[in-house]
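K.L.:
A structural model of the following input is requested.
(one chain, ligands or ions: 2)
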Amino acid sequence: MDLTNRSKPNSVALETTLLVHGVPPESSQPLNDKLAQIVTDQGAHPTLIGLVNGKPTVGMTNEELASMLSADSVLKANTANLGVAMHQQVHAATTVSTTMELASAAGVKVFATGGIGGVHRGYGEHLDISSDLAAFTRFPVAVVTSGVKSILDVESTREALETLGVLVIGYQTDSFPAFYLRESDAQVDVRIDDAQELAELVSNELKRAERGIVVANPIPPQHELDQSEWNSWLSDAQQHANQVGALGRNATPTILSRLHQVSEGATLRANLELVKSNAALAGKLAAHLSSMHT
Ligand code: PSU
Ligand code: MN
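P.N.:
Residues are numbered from 1 along each chain as shown. Ligands and ions are numbered 1, 2, ... in the order given. Got it, this is the predicted structure:
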């Protein structure tokens, strides 16, 4: 693939969809700066991924991000429409699926996000499964995530990963985390408590299987949401999504922004905290991996 590759051996990939479509506009730049700082503090190299005027870019500059954030509308690119954005030469934000695609093309092995996409609970009567899941079968990248957003059907998403044969590692947990909540009813394939051991397993598996790996890192305990408050916010957001008929690529951003609104920012604060925690673990993992190869 023809791409601008500014990655380094200790790169941690970061995605643009989270910045552009996942948080309110005023949070985008500060979140990017914070994540970059956290990754750097761990001895790794922050590498923001997106399409700049249609050009796949691994390691966007501050100027390129500023140009994307000031655009009137930015396409959300998954693996289906990535090539369309390239063809049309427009800015596009990459989701987990396309961030993995571009990271692997550039040789970047570690990626930090908030939560991967998965199997939706079904707004209306339609099936909605994120292209993020299939991306794990194609692109050899370790994705540090707080499990899947609890707006999804968490247990079905876990089963879908099992069906696709994707390794799910729990970092200091036996339970598959549910984004705002540390635990779900689902399990991980293996629990690893130590970052060095995590790096050894990840390194061997990426080489052996050439597929993606889920590294599940629960939200820090002090930032976890209260289960009953969460349930009431979620049912409001689900109703809203039903009413406005949020389908396809609009479903996730519509539900997230409604949640941020009805929870008076509580879900946004939790979201930001878990992404920061994932960036720290990803930074640690990338630093270990690059020292193993030198
Ligand atoms: N996690 C977040 N915020 C987000 C997303 C994940 O905390 O905005 C984004 C990711 O880019 C993920 C995408 O790949 O949502 C999934 O969208 P969809 O369900 O349309 O595949
Ligand atoms: Mn979808």
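K.L.:
Dihedrals phi and psi, V144?
P.N.:
Torsion angles at V144 (phi, psi; degrees, to the nearest 10) stand at phi -90, psi 120.
K.L.:
now T4, which residues is it bridged with?
P.N.:
On DSSP bridges, the residues paired with T4 through beta bridges are T57.
K.L.:
Name the residues of stretch 70-85 that are buried.
P.N.:
74-79, 81-82, 85 (16 or more other C-beta atoms under 10 Å). Backbone N, C-alpha and C define where each C-beta goes, glycine included.
K.L.:
I'd like these laid out as a markdown table, including distance to F139 and pLDDT.
P.N.:
Listed next are these as a markdown table, based on distance: C-beta to C-beta, whole Å; pLDDT from 0 to 100:
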| residue | distance to F139 | pLDDT |
| --- | --- | --- |
| V74 | 22 | 97 |
| L75 | 20 | 97 |
| K76 | 18 | 96 |
| A77 | 14 | 98 |
| N78 | 13 | 98 |
| T79 | 9 | 98 |
| N81 | 17 | 97 |
| L82 | 12 | 98 |
| A85 | 18 | 98 |
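K.L.:
Show me these that map onto strands.
P.N.:
Using DSSP state E, the members of these that fall within strands are 75-77.
K.L.:
picking up where we left off before, for the buried residues of stretch 70-85, which two are the farthest from each other?
P.N.:
Looking at the buried residues of stretch 70-85 by C-beta to C-beta, the two members farthest from one another are V74 and T79, with 17.3 Å of separation.
K.L.:
hang on, A241 packs against S257?
P.N.:
No: applying C-beta atoms under 8 Å as the test, A241 and S257 come out as separate, 10.5 Å apart.
K.L.:
neighbour count winner among those two?
P.N.:
A241 (22 against 17; other C-beta atoms under 10 Å).
K.L.:
what sits against that one?
P.N.:
In this structure, A241 makes contact with 123, 251, 254-255, 258, judged by C-beta atoms under 8 Å, 6 or more residues apart in numbering.
K.L.:
Report all helices and strands that the longest strand seen in the chain contacts.
P.N.:
Using DSSP E to define each element, the chain has its longest strand at strand 45-52. Using 3 or more C-beta pairs under 8 Å, 6 or more residues apart in numbering; DSSP states H and E, the elements in contact with strand 45-52 are strand 11-15, helix 16-17, helix 25-41, strand 55-58, helix 62-69, helix 82-88, strand 92-94, helix 96-106.
K.L.:
how about CSV for the ones you listed, with distance to N5 added?
P.N.:
Putting the helices and strands packed on strand 45-52 into CSV (distance: least, C-beta to C-beta, whole Å) gives the following:
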stretch, distance to N5
strand 11-15, 10
helix 16-17, 16
helix 25-41, 18
strand 55-58, 5
helix 62-69, 14
helix 82-88, 15
strand 92-94, 14
helix 96-106, 5
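K.L.:
Nearest to E197, out of the ones you listed?
P.N.:
Closest among the helices and strands packed on strand 45-52, once you apply C-beta to C-beta, is strand 11-15, at 19.0 Å.
K.L.:
roughly how far apart are the most centrally placed residue in the chain and ligand 1?
P.N.:
Central residue check for the chain by C-alpha atoms, centre = their mean: the C-alpha nearest the mean position is that of T113, 3.1 Å away. Computed as C-beta to the nearest ligand atom, to the nearest Å, the T113 to ligand 1 distance reads 6 Å.
K.L.:
Now do the contacts for that residue.
P.N.:
By C-beta under 8 Å, 6+ apart, T113 lies in contact with 14-15, 18, 96, 99, 143-145, 275, 278.
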